[in-house]
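S.K.: when you get a sec, could you give me coordinates for this:
(one chain, ligands or ions: 2)
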Amino acid sequence: MMILNDKVAVVTGASQGLGRGFAEILLENGAKVALLDLNETLGREVQAHFNEIYGSDRTQFYPCDVASDELFKDAFQKVLHKFGRVDVFCNNAGILNEKDWEKTVSINLSGVVRGTYLAMDHMKKQNGGQGGVIINVASMAGLGPLPGAPIYTATKHGVVGFSRALAETSNIADYGVRINALCPGFVRTALLNSFQTDEKAMLESIMEKAKFLEVEDVAKAFLLLVKDESLNGAVLVVASAGTAFMSFPTELPRTPVTL
Ligand SMILES: NC(=O)c1ccc[n+]([C@@H]2O[C@H](COP(=O)([O-])OP(=O)(O)OC[C@H]3O[C@@H](n4cnc5c(N)ncnc54)[C@H](O)[C@@H]3O)[C@@H](O)[C@H]2O)c1
Ligand SMILES: CCCCC/C=C\C=C\[C@H](O)C/C=C\C/C=C\CCCC(=O)O
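M.R.: Ligands and ions are numbered 1, 2, ... in the order given. Take a look at the predicted model:
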């Protein structure tokens, strides 16, 4: 098990919702945590709150837009300047905006790729790094379709595929870095009030029947992916029915057709 005392973690989208929960469980387990988010007002409030509970030098907020190469790199350099290292990196920032679909791709998928490669370049043994773990936050919509949200669904499928392929790459090339993906069901966060789609009624009818998870339950699953050093390429589903690892077929299940 990875010991988190004095390890340094970065969480994107940490000003509220799941990201804030991931940051808190890392602090509870001894890590120092850099909070990255677009929302400066909330981010600074969260930092002040965590400082009171966990001590004044274990949390630092940095404004950051994961959709921008430049701003993301700049925030990462500031984290390294303050804490000297990064051991845990959580790509969590995400939106659901089907109308501005390019923005959704740029945050939910390209943002995850940006963050993962920044972390990987720093952590990998071949670059003199000390290894580490990257957790990419997908969704149950990364494993099956969320009606009314095809772009969101595509980005989250992308996050799952990217994480699994890079995990295999890291394993074969011996980078010393683990990459795992987390796939939660519905959690009551700001995301559920801010989504943009022409098919609002469709999503709302799904939500009426859904059971909601608590941030704390998803955070416990996140912690498992961080700490268990046997896990690389794992995809962990957190649903109202329970938490479970996805197993993927080694051969693609196919139904033959005669042409
Ligand atoms: N809430 C759910 O039901 C649910 C379920 C499964 C997966 N997820 C995923 O979990 C992640 C967190 O979602 P949440 O529900 O906590 O949402 P949230 O809206 O509560 O929090 C998301 C945070 O990301 C930040 N953010 C948005 N765009 C950003 C950008 N370009 N750069 C930096 N920060 C940015 C926001 O400011 C916000 O603080 C997302 O990737 C989401 O897709 C959410
Ligand atoms: C009121 C409108 C809701 C809009 C939904 C917004 C975003 C949520 C996206 C999440 O990533 C969840 C995605 C898919 C969930 C799929 C199945 C949920 C099953 C619930 C469960 O069993 O826990």
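
S.K.: list the buried ones in stretch 52-68?
M.R.: Neighbour-count burial for stretch 52-68, with 16 or more other CB atoms under 10 Å as criterion, is recorded at 54, 58-67. C-beta here means a position set from N, CA and C on the backbone, and glycine is covered the same way.

S.K.: and it, does that touch ligand 1?
M.R.: Yes - using CB under 6 Å from any ligand atom, stretch 52-68 comes into contact with ligand 1 via 64-67.

S.K.: want to throw the residues you listed into CSV with pLDDT?
M.R.: Below are the residues of stretch 52-68 next to ligand 1 laid out as CSV (pLDDT from 0 to 100):
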residue, pLDDT
Cys64, 98
Asp65, 98
Val66, 98
Ala67, 98
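
S.K.: what about those, which are in helices?
M.R.: Among the residues of stretch 52-68 next to ligand 1, DSSP state H puts none in helices.

S.K.: got a list of what Glu70 touches?
M.R.: Contacts for Glu70 were tallied using CB atoms under 8 Å, 6 or more residues apart in numbering; there are none.

S.K.: try Met1
M.R.: Applying CB under 8 Å, 6+ apart, the residues contacting Met1 are 227-229.

S.K.: what of Tyr175?
M.R.: Contacts of Tyr175 (CB under 8 Å, 6+ apart): 120, 123-126, 131, 169.

S.K.: next: Val8.
M.R.: 31-34, 79, 83-88.

S.K.: show the pLDDT at the residue of the stretch 51-200 of the chain found nearest ligand 1.
M.R.: Nearest to ligand 1 in the stretch 51-200 of the chain, going by CB to the nearest ligand atom, is Gly94, at a distance of 2.2 Å. Looking at Gly94, its pLDDT stands at 98.

S.K.: and it, that one's in a helix?
M.R.: No - assessed with DSSP: H, G, I helix; E, B strand; the rest coil, Gly94 is coil; it does not lie in a helix.

S.K.: let's have the chain start at 57 instead
M.R.: Okay, using 57 as the starting number, the last item reads as Gly150.

S.K.: correct me, but it touches Leu247?
M.R.: Yes - contact status for Gly150 versus Leu247: in contact at 7.2 Å, counting by CB atoms under 8 Å.
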